[in-house]
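> Here you go, sequence then predicted model.
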Amino acid sequence: MLPKILVVDDDRYTRTLIQQLMRKTAEVHLAEDGAAARRLFADMDFNLVLMDQRLPHDKGLDLLREFRSRKPRLVAILITGYADVHEAVAAVREGLFDYLSKPFEDLEALEAAVGKALELDRAYREIDSLRSRLAQESGAPHVVGQSPAMERLQGQIREVAGLDTTVLLEGESGTGKDVIAKLTHALSQRSHKPYLEVNCGGLPESLLESLLFGYEKGAFTGASQTTPGYFEKVNGGNLFLDEIADMSPKLQSSLLRVLQDHSFCRIGSTQARTTDFRLICATNRALAGEVKAGRFREDLYYRINVVAVRLPPLRERSGDVLRLAVHFLEHYNARFAKQCGPFTADAVRALEACSWPGNVRELQHCIERVVALHRGGVIDRVHLNPGGDPQPAVPVDAPPEPDTPLAYQQARAEFERDYLHRLLQTAHGNMSEVARLSGIPRQNLYVRMKRWGIVTE
Ligand SMILES: Nc1ncnc2c1ncn2[C@@H]1O[C@H](COP(=O)(O)OP(=O)(O)OP(=O)(O)O)[C@@H](O)[C@H]1O
């Protein structure tokens, strides 16, 4: 269905021009004054209003305020003469999406502005419909993404979730593997059974072993009481092993045996116990490459690589950046009890121009930072600073003069932040690769990246 645009202008030439320009991409409705505009607005749900500032009996901006009081998320563009531009700029701060100056000299710019405005309206509507769908599918996580790549991926997950096969999720850091693992659980026949997850890269071998297998009292120093492991506790449900490539060779062979026999022994016991779970694994390094390099067992690889699903990086999901930004904006507004937004046209362009090397996590963090630091109201490009210096988006202090010598600690901090950010970009968001290149242990890296706001979790 074509989007609906309302054009309010007393100048017939402008109305006809916009109608001709948009006739293939939108259903265009025309009003020559405020009264006609009010009638049409009351009757139809418009995706965009293009409003002239000077109307016979009304001021365009006042009419837009009236419309927005009835429909706060209305996306609107004001059409002004050059004399009124300062009013339009002020209106953008009030929540107007964009303004265009008449006479239109650049028709491509007009089309582009309308395209962006319609995209923002689409993002609002999709987030709303996702919310109401999720309210029905209780337990399923919010997976935002209507780009072709994400539609394909969600289709794949809906197909395999109920089949009880092992699922391998491959994708860069921050692409949403964790969220998709939870979705797989929520859509599976095991959804009412336990869902347990463990990050294989975050724990030393012995701790991971006791967490998975459980142990008998006295099995090792500190084993003060018998404790069942995840293989036992997850019985009937789904087990998510994140960062599977980081599992040690010893644990890889133990896991292989569990998958073959559906049985295991607690540490310190010889009694075999049976278990029934579906395995979901994730990795941000291509497992085939790890097998080739001799770091991952080939037989285990074939066991877990039954259905492999690739999570596309955010830079390959055209359109999703804005949807996710709107989703996180609403989330953090609710969480911090704020009213930040909407985004200006310039902010939308800045968000979409960024390559987001840290993927969805980086975007989420950017919006969280903006909402936390912003007093409220419209979010413009200056507030966002996407992908740039991960310091507060609204600077608290003036930046130091370029030739002012920095204190050693401060200079080192700036170097580290810049260094890690660039490295993450070079490694396409792959944390294990960043760890390898920098020689900094992975866990340590997370702590540092969190400190500099490069990652949030
Ligand atoms: N499609 C999505 N919709 C909504 N939120 C998302 C989506 N994808 C990711 N997120 C959010 O982005 C953040 C990072 O996602 P997640 O932890 O799933 O990434 P990951 O690929 O598992 O990262 P890592 O490899 O570093 O563990 C989370 O807060 C998650 O809720």
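Cool, the structure landed.

> What are the boundaries of the helices in the stretch 151-300 of the chain?
Taking DSSP state H, counting those that start in this stretch, the helices of the stretch 151-300 of the chain run over residues 177-187, 205-213, 230-233, 249-261, 287-292, 298-304.

> Same check on the stretch 1-150 of the chain?
With DSSP H, counting those that start in this stretch as the criterion, the stretch 1-150 of the chain has helices at 12-22, 34-43, 60-70, 85-94, 107-136, 148-161.

> quick one: which of these is nearest the ligand?
helix 148-161 (6.7 Å; C-beta to the nearest ligand atom). Any C-beta I mention is one placed from the backbone N, CA and C, and that applies to glycine too.

> so that closest one versus helix 177-187, what angle?
Here helix 148-161 runs at an angle of 40 degrees relative to helix 177-187 (axes from the mean of the first three to the mean of the last three C-alpha atoms, to 10 degrees).

> Extract the CA atoms of helix 148-161 and return them as CSV.
Once non-C-alpha atoms are left out, helix 148-161 reads as follows in CSV (Å, rounded to 0.1, in the frame of the first residue of the first chain):
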residue,chain,number,x,y,z
PRO,A,148,15.6,-8.1,3.7
ALA,A,149,18.6,-9.7,5.4
MET,A,150,16.8,-9.7,8.8
GLU,A,151,13.5,-10.9,7.4
ARG,A,152,15.3,-13.8,5.8
LEU,A,153,17.1,-14.6,9.1
GLN,A,154,13.9,-14.5,11.1
GLY,A,155,12.2,-16.7,8.6
GLN,A,156,15.0,-19.2,8.9
ILE,A,157,14.7,-19.2,12.7
ARG,A,158,10.9,-19.6,12.6
GLU,A,159,11.5,-22.7,10.3
VAL,A,160,14.2,-24.4,12.4
ALA,A,161,13.1,-23.4,16.0
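
> which residues are in contact with that helix?
143, 145, 167, 180, 183-188, 307, 309-312, 316-317, 320 (C-beta atoms under 8 Å, 6 or more residues apart in numbering).

> Would you indicate which residues of it are buried?
Under the neighbour-count criterion of 16 or more other C-beta atoms under 10 Å, helix 148-161 has 149-150, 153-154, 156-157, 160-161 buried.

> quick revisit: I'd like to know which of the helices of the stretch 151-300 of the chain lies nearest to the ligand.
Closest to the ligand of those, according to C-beta to the nearest ligand atom: helix 177-187, at 3.1 Å.

> before we move on, back to that, ranking the helices of the stretch 151-300 of the chain by burial, who's on top?
helix 177-187 (a mean of 22; mean count of other C-beta atoms under 10 Å).

> So is that helix next to the ligand?
Yes - on the criterion C-beta under 6 Å from any ligand atom, helix 177-187 is in touch with the ligand at 177-179.

> who are the neighbours of that helix, in terms of helices and strands?
helix 148-161, strand 167-170, strand 195-199, strand 238-242, strand 278-283 (3 or more C-beta pairs under 8 Å, 6 or more residues apart in numbering; DSSP states H and E).

> So for the second one, mean pLDDT?
Looking at strand 167-170 alone, the average pLDDT works out to 96.

> The residue of the stretch 201-350 of the chain at minimum distance from the ligand: what's it in contact with?
The ligand sits closest to residue 284 of the stretch 201-350 of the chain, with a gap of 4.6 Å, by C-beta to the nearest ligand atom. By C-beta under 8 Å, 6+ apart, the residues touching residue 284 are 170-173, 177, 243, 245, 429-432.

> hmm, 10 Å instead?
Going by C-beta atoms under 10 Å, 6 or more residues apart in numbering, residue 284 touches 169-175, 177, 201, 242-243, 245-246, 311, 427-433.

> likewise residue 297?
Residue 297 makes contacts with 247, 249, 252-253, 255-256, 290-291, 303, as judged by C-beta under 10 Å, 6+ apart.

> my guess is residue 68 meets residue 96, correct?
Yes - in this structure residue 68 lies within contact range of residue 96 using C-beta atoms under 10 Å: 8.7 Å.

> more neighbours, these two?
Set residue 68 next to residue 96 and count neighbours by other C-beta atoms under 10 Å: residue 96 wins out with 25 against 17.

> Any figure for the gap between that one and residue 343?
Applying C-beta to C-beta, to the nearest Å, the value for residue 96 to residue 343 is 12 Å.

> Quickly list what's touching both of the two.
Shared contacts of residue 96 and residue 343, counting by C-beta under 10 Å, 6+ apart, come down to residue 378.

> what stretches of this protein score poorly on pLDDT?
Per-residue confidence for the chain (pLDDT under 70) gives these ranges: 82-83, 132-138, 386-413, 428, 443-444, 447, 450-457.

> What residues does it have near the ligand?
Selection of the chain residues close to the ligand by C-beta under 6 Å from any ligand atom yields 142-145, 171, 173-179, 242, 284, 360-361, 364, 431.

> Counting neighbours, which of these end up buried?
For the residues of the chain next to the ligand, buried by 16+ other C-beta under 10 Å: 143-145, 171, 173-179, 242, 284, 360-361, 364, 431.

> quick one: what helix or strand has the closest residue to residue 442 other than its chain neighbours in it?
Once flanking residues are discounted, residue 442 sits nearest to residue 435: 4.4 Å by C-beta to C-beta, 6 or more residues apart in numbering. According to DSSP states H and E, residue 435 maps onto helix 431-438.

> what packs against that helix?
Helix 431-438 is packed against helix 408-426, helix 442-451, with contacts defined by 3 or more C-beta pairs under 10 Å, 6 or more residues apart in numbering; DSSP states H and E.

> between that helix and strand 278-283, how big is the angle?
Using the same axes, to 10 degrees: helix 431-438 against strand 278-283 is 30 degrees.

> Same question for helix 431-438: list its buried residues.
When burial is assessed from 16+ other C-beta under 10 Å, helix 431-438 yields the following buried residues: 431-435, 438.

> Closest one of those residues to the ligand?
Distance to the ligand across these (C-beta to the nearest ligand atom) is lowest for residue 431, with 5.9 Å.
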